[in-house]
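> Pasting the sequence and the predicted coordinates here, then a few questions.
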Amino acid sequence: MMRKFFTDLINFFFPPICPLCRRLINDNKIICEDCFEDIARLLVKEPLCLKCGKTKKHAHICKKTFLFDEIVTLFYYRDKVAKLIHFYKYNRRKKFANLLLNFLKNRVQYLKDGYDFILSVPLHPARKRERGFDQNEVFCREISKSLDIPYVKNLIYRIRYTKPQAGLKKEKREKNIKNAFIIYGNLRGKKIILFDDVITTGATLNELSALLKEKGVEKITALTLAIA
């Protein structure tokens, strides 16, 4: 009773507002209904092009040649989706992660079979200390539970502190991420899901895919929350 009283009191003086549009919302909502619909409109509609992650209508002419074997993505990275991911990554708003995960779990169910484990693009230890957590690790643990596929954390290490990829041109992204990772273990014949939150040029996923293929990985499915 006391907890409800104080919650009602706080909501009276500080009513909950949508973080994306600043309008009032019900206290049991994360974002308002209008923003939820705006986000839903940015879903990449199935079926997807497995070469570039976007809508499949142009798949017969898609010229993307990534080093991973296929890509599955959820949203186009713009407008309120970009804002939501930014809020989560830099402000540690876990409830935003839960909202994105609800969408993501529906998209990835068909990946349940045929994979040995899930890997994520890791942060450098110094960047993780700055941010306080690794957003990719949080998503991968939940995806692992949903798909019943093991998430392996200590296989990829980021050994070089790099500039944030956002804002860099394609050629600088590739140079920035070169030799930034090391991978341990014999992975011959393994089929894996490799997760990163956002793909822009694909430089980071490509760099890791090259290393994983050198280790003998048979198949890499890149999985991302959003694609630019």
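Sure thing, it's come through.
> Quick check: closest non-adjacent residue to the most centrally placed residue in the chain.
In the chain, the centroid-proximal residue (CA atoms, centre = their mean) is Asp197; its distance is 2.2 Å. Leaving aside its sequence neighbours, Asp197 sits nearest to Leu225 (CB to CB, 6 or more residues apart in numbering; 4.9 Å). Every C-beta, even on glycine, is put in place using the N, C-alpha and C of the backbone.
> so the one you found, which of the three states?
Following DSSP: H, G, I helix; E, B strand; the rest coil, Leu225 is assigned to strand.
> now do Lys145
Secondary structure, three-state DSSP: Lys145 is helix.
> That one and Pro122, how far apart?
19 Å (CB to CB, to the nearest Å).
> Those two: which is more packed in?
More crowded of Lys145 and Pro122, by other CB atoms under 10 Å: Pro122, with 21 against 11.
> Please report the distance of the residue nearest to the centre of the chain from Ser144.
Asp197 sits 16 Å away from Ser144, going by CB to CB.
> Now for the chain: which helix has the highest residue count?
When the chain is scanned for its longest helix (criterion: DSSP state H), the result is helix 94-108.
> Show me which residues of that helix are buried.
For helix 94-108, the buried set under the neighbour-count rule, 16 or more other CB atoms under 10 Å, comprises Phe96, Ala97, Leu99, Leu100, Leu101, Phe103, Leu104, Arg107, Val108.
> Could you export the residues you listed as CSV, including distance to Arg127?
What follows is the buried residues of helix 94-108, written out as CSV (distance: CB to CB, whole Å):
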residue, distance to Arg127
Phe96, 20
Ala97, 18
Leu99, 24
Leu100, 21
Leu101, 22
Phe103, 26
Leu104, 23
Arg107, 27
Val108, 26
